[in-house]
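In: got a structure for you, letters missing:
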């Protein structure tokens, strides 16, 4: 299953590391994960290219089988991804 990993980022190193761990966990479950803040790290700057990263992430999300949320209290960016998934009929699964 192609899954979108929805987790906090905000340019914080610890959030990047956690997202990598979530992706590894998804792979161990047999899924193919996509986390924009992992995949675009080093390509886009959170300060300058945030909206570009979000738009590219939503494009990939539109092709995913599910969105997996890794937070109890989603950030505004995560809420945007969740709302997009719900409006597109993509199942949202809370992983916490």
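Out: Done, it's in. Here the structure is a predicted model, which is why all the values come from computation and not from measurement.

In: Only C-alpha atoms from now on, for both contacts and neighbour counts.
Out: Noted.

In: what residues are up against residue 64?
Out: By C-alpha atoms under 8 Å, 6 or more residues apart in numbering, the residues touching residue 64 are 1, 2, 3, 4, 90.

In: Okay, and which of the residues you listed map to strands?
Out: Counted as lying in strands by DSSP state E, out of the contacts of residue 64, are 2, 3, 4.

In: Correct me if wrong: the first one contacts residue 29.
Out: No: assessed by C-alpha atoms under 8 Å, residue 2 is found out of contact with residue 29, at 11.4 Å.

In: Neighbour count: the two, which is higher?
Out: Set residue 2 next to residue 29 and count neighbours by other C-alpha atoms under 10 Å: residue 2 wins out with 17 against 10.

In: residue contacts, the more buried one?
Out: Applying C-alpha under 8 Å, 6+ apart, the residues near residue 2 are 31, 32, 33, 34, 64, 65, 66.

In: ok, so what distance separates it from residue 46?
Out: To residue 46, residue 2 is 24 Å away according to C-alpha to C-alpha, to the nearest Å.

In: do the same with residue 63
Out: 23 Å.

In: okay, the two: which has more neighbours?
Out: residue 46 (18 against 13).

In: quick one: residue 95 and residue 68 touch, right?
Out: Yes: between residue 95 and residue 68 there is a contact under C-alpha under 8 Å: 6.3 Å.

In: now, which of the contacts of residue 2 lie within strands?
Out: Assigned to strands by DSSP E, the following of the contacts of residue 2 qualify: 32, 33, 34, 66.

In: From those residues, pick the one nearest residue 79.
Out: Checking the ones in strands among the contacts of residue 2 against residue 79 with C-alpha to C-alpha, the nearest one is residue 66 at 15.0 Å.

In: what pLDDT does the spatially most distant residue from the centre of the chain get?
Out: Within the chain, the residue lying farthest from the chain centre (C-alpha atoms, centre = their mean) is residue 48, at 18.7 Å. As predicted, residue 48 sits at a pLDDT of 87.

In: Contacts for stretch 82-96 next, please.
Out: So stretch 82-96 is in contact with 58, 61, 62, 64, 65, 66, 67, 68, 69, 70, 71, 72, going by C-alpha under 8 Å, 6+ apart.
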